[in-house]
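>>> Provided below are the primary sequence and the corresponding predicted coordinates.
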Number of protein chains: 2
Amino acid sequence: MYIILVYDIGEKRVGKMLKLCRKYLHWIQNSVFEGEITEVKLKELVVKARGIMKEEEDSLIIFKSRDERWLDKEIIGQERSSTDNFL
Amino acid sequence: MYIILVYDIGEKRVGKMLKLCRKYLHWIQNSVFEGEITEVKLKELVVKARGIMKEEEDSLIIFKSRDERWLDKEIIGQERSSTDNFL
């Protein structure tokens, strides 16, 4: 399964969330990640994310597609992920 | 066509970008929008976005799906768009 994950999280929790999401997905922009993931790994990620989040303040949205080919991606301006390795 | 649009834009230009994207799409989180849009309207949006962006600094990513039904959406925590009308 291919997913796009976006979060909007309180500043204090951003570092932890970034680190968590990077273990499972590719960082592509600010608070946006994408990647192939199994149902089991995604559940694991969501459980861990809930542990970091304050659900009354923070927001996490996951878009799931059975196949990456069903989505086209267009990037305008900077491709953030190209600097991913340097962070 | 159904799209998800995410941007990462310098603070000075965020207000303009937000206003522009809201004309074409539904705001769902921080710098994330979604919605049905025609090819023509999307081109118009991209041209206007380029006019706002500093392409050497800013980033705009558009995921396109021919059909919204090909994507499942899961929201954890707050659904930001529910407060959209109050902003």
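The structure has been received and is ready for your questions. All values derive from a computational prediction rather than experimental measurement.
>>> ok, and what's touching the helix or strand bottoming out on mean pLDDT in chain A?
Counting by mean pLDDT, DSSP states H and E, chain A has its least confident helix or strand at strand A:71-77, which shows a mean of 91. If you take Cβ atoms under 8 Å, 6 or more residues apart in numbering or on different chains as the criterion, strand A:71-77 is touched by A:2, A:4, A:65, B:46, B:49-50, B:53-65, B:70-71. (C-beta placed from N, C-alpha, C; glycine too.)
>>> Okay, angle between that strand and strand B:71-77 too, please.
If you take axes from the mean of the first three to the mean of the last three Cα atoms, to 10 degrees, strand A:71-77 sits at 60 degrees to strand B:71-77.
>>> starting at the chain centroid, how far to strand A:71-77?
16 Å (Cα atoms, centre = their mean, to the nearest Å).
>>> quick one: strands adjacent to that strand?
Strand A:71-77 pairs in its sheet with strand B:59-65 (antiparallel), by DSSP bridges.
>>> who touches the partner strand?
Here strand B:59-65 has contacts from A:4, A:28-30, A:32, A:63, A:65, A:70-80, B:1-9, B:42, B:46, B:49, B:53, B:71, using Cβ under 8 Å, 6+ apart.
>>> Report the mean confidence score over that strand.
For strand B:59-65, the mean pLDDT works out to 95.
>>> Can you check my assumption that A:Met17 lies in a helix?
Yes: if the criterion is DSSP: H, G, I helix; E, B strand; the rest coil, then A:Met17 is within a helix.
>>> what sits against A:Gln78?
Contacts of A:Gln78 by Cβ under 8 Å, 6+ apart are B:8, B:55-59.
>>> from those residues, which two are the most distant?
B:Asp8 and B:Glu56 (13.2 Å; Cβ to Cβ).
>>> sec struct for A:His46, please.
Check again: residue A:46 is Val, not His. Per three-state DSSP, A:Val46 ends up helix.
>>> What about A:Ile28? Give its phi and psi, please.
phi -120, psi -20 (degrees, to the nearest 10).
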